[in-house]
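Participant: Predicted model follows, preceded by the sequence.
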Amino acid sequence: RVAAVRFDPTANTLNPAARSELGPVLDRLMANPREPVLVTSYSDRADMPLARERTQAVRAALIERGVTASRIRVMNSRMMNDADPNVVQVQVRGRGMASPARRG
C-alpha cells in the first residue's frame, strides 16, 4: 500500500487530513512488524529543505504511533515530471523488494 500524504503548499507539518492518510499504513505496519516503510518526497533543488522537513514530519508521526525508527527509510528525490511536490509518499514494502538508490 502506498499512501499519499498531502501537505499544504508552504507547510512542513501534518494537518488532520494528512494524519488520517497514515491510518491504513499504520494498520499494515502494526500487523506486519518486520515490514519496512519507505517515506519519499520529490522536489527541485530550491525546495529540497521543505521536502526534507516534510519527510521528517511523516517519519516522526510514524514513530509517535509506534513504528520502530529502524524500519523507516526516508528518501528525498529530485522532481519528476508527474510528481506532486506537496505530497509525501509512504510505502510499506514487503519482503524481497529491492532498495532504491538514495538520492538528494
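Facilitator: Good, I have the coordinates.
Participant: what residue lies at the spatial centre of this structure?
Facilitator: Centroid-nearest residue in the chain: Val39, 2.6 Å away (criterion: C-alpha atoms, centre = their mean).
Participant: show me where the protein has strands.
Facilitator: 2-6, 37-43, 72-78, 87-92 (DSSP state E).
Participant: Now tabulate the ones you listed in a markdown table and tack on distance to Arg54 and mean pLDDT.
Facilitator: Any C-beta I mention is one placed from the backbone N, CA and C, and that applies to glycine too. Output for those, formatted as a markdown table (distance: least, C-beta to C-beta, whole Å; pLDDT from 0 to 100):
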| stretch | distance to Arg54 | mean pLDDT |
| --- | --- | --- |
| strand 2-6 | 8 | 91 |
| strand 37-43 | 6 | 93 |
| strand 72-78 | 9 | 91 |
| strand 87-92 | 5 | 94 |
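Participant: Could I get the full set of helices for this structure?
Facilitator: 16-31, 48-64 (DSSP state H).
Participant: For the chain, give me the ranges with low pLDDT.
Facilitator: Low-confidence segments of the chain, defined by pLDDT under 70: 1, 95-104.
Participant: Stretch 8-18 spans what distance, first to last residue?
Facilitator: Start-to-end span of stretch 8-18 (C-alpha to C-alpha, to the nearest Å) is 9 Å.
Participant: Contacts for that stretch, please.
Facilitator: Contact with stretch 8-18 is made by Val5, Arg6, Phe7, Leu22, Leu50, Glu53, Arg54, Ala57, Val58, Ala61, Asn86, as judged by C-beta atoms under 8 Å, 6 or more residues apart in numbering.
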